[in-house]
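# Quick one, structure for this:
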Amino acid sequence: MYLWQQVEANFKKGDFSVTIRNLEKLLSAENITQFKGLIGVEFTNPPEAILQKINNFISFCNSSFEIQAVYLEMNGFSINPECWFFDFFGYTQYSNDQEDLDWLSDWQSSYWPSVTLTGLEAVQADFEWYHDNKIYNDDNFSTAYEISEFLVLSKYVELISRAIRSDPLIKSIPVLATAHDYDAIGRFEP
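I've put the predicted structure just below:
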């Protein structure tokens, strides 16, 4: 099974911490030094502060339409290492079909400020080094890079999971989280 398939399967089961442990173990076995700063660390944004921003977004949307789902998308972090953040999208409908993601491209909410993700700046520098120096041409780094991408994604989704578990949502609706151009999605359904 390919790595992305393992990550997707674990995400569908909500096993984000298991995914992180497995990926960290794989990364620690790699014979490189870059990206190892991901092992044993997490985003430092307080989960309660993230939840407050989600609840504020839900209230904002509910003043214009009856929000039925929230989608939180991290930017294309691997090729945009200078700043890692996530955006908010609100929907009048929700599809629990895990194979159908097309509906996510048709949101009803208006602009809401992004949240900057903190705590992994040293790893952001590794991604910048990788792309600026065209290390993607060196096959010795391809596995570590792939593991690192999924590890960042998993740590982001785990942050959202901790936020959702920190206190109730202002409205009991599904919240989804992933990064731009990834199909592995964390789903947090009431």
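# Only C-alpha atoms from now on, for both contacts and neighbour counts.
OK.
# can you give me the helices for the protein?
Here the chain has its helices, by DSSP state H, at 3-13, 16-28, 47-62, 121-132, 142-166.
# how many neighbours does the closest residue in space to Phe11 that isn't next to it in sequence have?
Distances taken as C-alpha to C-alpha, 6 or more residues apart in numbering place Gly186 nearest to Phe11, at 5.7 Å, with adjacent residues excluded. Around Gly186 there are 27 other residues, counting by other C-alpha atoms under 10 Å.
# wait, what's in contact with Gly186?
Contact partners of Gly186, counting by C-alpha atoms under 8 Å, 6 or more residues apart in numbering, are Phe11, Lys12, Gly14, Val157, Leu176, Ala177, Thr178.
# got it, and Phe11?
For Phe11, the contacting residues are Thr19, Ala184, Ile185, Gly186, Arg187, by C-alpha under 8 Å, 6+ apart.
# hang on, the earlier thing: out of the helices of the chain, the one nearest Asn96 is which?
helix 3-13 (11.3 Å; C-alpha to C-alpha).
# just to revisit the earlier point, pick the most buried one from the helices of the chain.
helix 142-166 (a mean of 21; mean count of other C-alpha atoms under 10 Å).
# So what touches it?
With contacts defined as C-alpha under 8 Å, 6+ apart, helix 142-166 is touched by 3-4, 7, 16-17, 19-20, 23-24, 26-27, 30, 32, 35, 38, 42-43, 45-51, 74, 78, 136, 177-179, 186, 188.
# again with stretch 67-85
For stretch 67-85, the surrounding residues in contact (C-alpha under 8 Å, 6+ apart) are 58, 61, 86-94, 104, 114-118, 124-125, 127-128, 131, 149, 156, 173-181.
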